[in-house]
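K.L.:
Could you work out the structure for the sequence below:
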Amino acid sequence: MIRAGRRHLVRTLADLAAQHGVSAQRYLKLKPYTAAGFPAPVSAAGARTRLYDGEQVDAYLLGTPVPKLPVQDDDADLLDRQECAAELGVSPRTWDGYKSAPLLAEHVIEVGGVEHWPRSIVRQYQASRPGKATVTGRPKNTGDQVPRDLVLPLTAELLYADPTISAARVTEALGVHRDTAQDALLRLRADRMADLMHTDPSLTPDQAAATLGYPAAQVRRATLRAQAVLRASHAAPYLADVAQALHREGWTATGVLPEVQHPADDLVVAALVLDGLTPPAPALVWDERHGWRTATSRRHPLTKGATPPPSGDGIRYLAEGITPPAEAVTAALAA
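P.N.:
Next comes the predicted model:
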C-alpha cells in the first residue's frame, strides 16, 4: 500500500530505469531490483505493476540506511485492488465488481498507472454495503430496479450467503430481470472458481465448483468461463509487456494493462486503444485464437464473434503466432 502522505514518492519500474539512465526494457532484463537489500515494492504481493517508495530507493542507491515505512494504518493510506479486497474479506475479482459503485468510483486515485482507493473510503463503503434486505422484488413489466453498477456487488452478497442461489431468487431479491441475474451469477461463479483454480492448479473446474458449494446444474457455462478467466490471468503478464512496449513508443498515453474481456464464455480477448500523439492505428486487439491485429475504431475495437477472424480495410494482423514478443508487435505495427 501507499502510506499516507507518500503518494508523491511513488516510482514505477520505468521511473527507476530512467533514474539508472537505461531503457525500461534494459532495466527489466538487468533486474537490479532483485538484488539483496533493494527495498520491497509498496504494491501488494503479486501485483502486476510494481511500485516503489522513492525515498527508500534513493537511500539504497546512496548506500545509506533505508528508512522504514510507517506501520500503523491510516485513513489516508492508499490501497490497491488486492489490498481493498483483503480489507473487505473478498476476492480481488469480487472487488472488481464492487469498484464501480458510485462511492468507490468517485474516489479512485491512479498512481503509477494503478488504481488505488483511500482506506477511509473502503471502510465507508464496507459500512454502507447494501444487503438483500434493502431491495424488493421486481414488479411485473418493469425494468431492473437496481442500478447497473450495483448488480454485481449485490448479487455477490447473495451468492456468499447462499452458494446454491438461483437466478429466480436473485430476481426476486433484487428486482432485476432474470437474464441480468443469470449473467451476474455466471460471472461471479466463474471468477471465484478461477481464483480457486489459480490458488490450487490441481483442481478441475468441476472440483472448484464443488468446493465452493455450487450445484453442478448451475455451473455448466461457468466452468467454460472460469477456464477462460484463468487463461486471461496467465496472459496478463504478456499483455502488460506489450502495453509497456507500446507506451515506450509513444503510441499510448499510459502503459496500463489492457482490460481483458470475454465476449463469449470460452474466449479471451483484450483491446488496447492507441491514444498517443501519432499512433499507427486507432486500436489493437489481442485474441487468444488469432493473436494481434489492428482495429479501425477506438470506441468499438472488438468485432463481436469474429469467427472467422475479421478482415477488411484498416485491419492488419501483426507478427506471427498468438504471443509474439512485444518488440515484434511494435515492429510489425510500425512497418
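
K.L.:
residue contacts, the residue most central in space within the chain?
P.N.:
Nearest to the geometric centre of the chain sits Glu259, at 6.4 Å (CA atoms, centre = their mean). Glu259 is in contact with 270-271, counting by CB atoms under 8 Å, 6 or more residues apart in numbering. Using the backbone N, CA and C atoms, a C-beta is placed for each residue, glycine as well.

K.L.:
Quick one: low-confidence residue ranges for the protein.
P.N.:
Filtered on pLDDT under 70, the chain yields the residue ranges 46, 129-146, 303-310.

K.L.:
Could you pull out the strands in it for me?
P.N.:
10-12, 51-53, 78-80, 109-111, 114-118, 260-261, 269-273, 283-287, 291-295, 317-318 (DSSP state E).

K.L.:
Now do the first one: which elements does it pack against?
P.N.:
What it means is strand 10-12. Secondary-structure packing of strand 10-12 (3 or more CB pairs under 8 Å, 6 or more residues apart in numbering; DSSP states H and E): strand 51-53, helix 54-62.

K.L.:
partner strands of that strand, parallel or antiparallel?
P.N.:
Sheet pairing of strand 10-12 (DSSP bridges) gives strand 51-53 (antiparallel).

K.L.:
which residues are contacting the strand it pairs with?
P.N.:
By CB under 8 Å, 6+ apart, the residues outside strand 51-53 that reach it are 2, 6, 9-12, 16, 33, 39, 41-43, 69, 111-112, 114.

K.L.:
mind running it again at 6 Å?
P.N.:
9-11, 41-43, 112 (CB atoms under 6 Å, 6 or more residues apart in numbering).

K.L.:
now the residues you listed: which count as buried?
P.N.:
Neighbour counting by 16 or more other CB atoms under 10 Å classes 9-11, 42-43, 112 among those as buried.

K.L.:
Farthest-apart pair in these, please.
P.N.:
Farthest pair in the buried ones among the contacts of strand 51-53 (CB to CB) is Leu9 and Ser43. Separation: 13.4 Å.

K.L.:
Let me know how buried the closest residue to Pro163 other than its chain neighbours is, in neighbour terms.
P.N.:
Leaving out its chain neighbours, the residue that sits closest to Pro163 by CB to CB, 6 or more residues apart in numbering is Gly213, at 3.5 Å. Per other CB atoms under 10 Å, the neighbour tally for Gly213 reads 10.

K.L.:
same thing with Arg169?
P.N.:
When neighbours are counted by other CB under 10 Å, Arg169 registers 15.

K.L.:
how far away is it from Ala161?
P.N.:
From Arg169 across to Ala161, the span is 11 Å (CB to CB, to the nearest Å).

K.L.:
who's in contact with Trp292?
P.N.:
Each residue near Trp292 by CB under 6 Å, 6+ apart is listed here: 286, 318, 329.

K.L.:
is it true that the second one touches Thr330?
P.N.:
No: Leu318 lies out of contact with Thr330 (CB atoms under 6 Å); the separation is 8.9 Å.

K.L.:
Tell me the bridge partners for the closest residue to Gln261 other than its chain neighbours.
P.N.:
Leaving out its chain neighbours, the residue that sits closest to Gln261 by CB to CB, 6+ apart is Val269, at 5.5 Å. Under DSSP bridges, the beta-bridge partners of Val269 are Gln261, Asp287.

K.L.:
Mind giving me the packing neighbours of the longest helix seen in the chain?
P.N.:
What stands out as the longest helix in the chain, according to DSSP state H, is helix 220-248. If you count contacts as 3 or more CB pairs under 6 Å, 6 or more residues apart in numbering; DSSP states H and E, helix 220-248 packs onto helix 178-199, helix 326-334.

K.L.:
quick one: which of these is nearest Ala24?
P.N.:
Ala24 lies closest to helix 326-334 among the helices and strands packed on helix 220-248, at 11.0 Å (CB to CB).

K.L.:
Extract the C-alpha set from the closest one and format it as PDB.
P.N.:
Once non-C-alpha atoms are left out, helix 326-334 reads as follows in PDB (Å, rounded to 0.1, in the frame of the first residue of the first chain):
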ATOM      1  CA  ALA A 326       6.500  -7.300 -27.600                       C
ATOM      2  CA  GLU A 327       9.300  -6.000 -29.800                       C
ATOM      3  CA  ALA A 328       7.900  -8.000 -32.800                       C
ATOM      4  CA  VAL A 329       4.400  -6.400 -32.200                       C
ATOM      5  CA  THR A 330       5.800  -2.900 -32.200                       C
ATOM      6  CA  ALA A 331       8.000  -3.600 -35.200                       C
ATOM      7  CA  ALA A 332       5.100  -5.000 -37.200                       C
ATOM      8  CA  LEU A 333       2.900  -2.100 -36.200                       C
ATOM      9  CA  ALA A 334       5.500   0.400 -37.300                       C
END
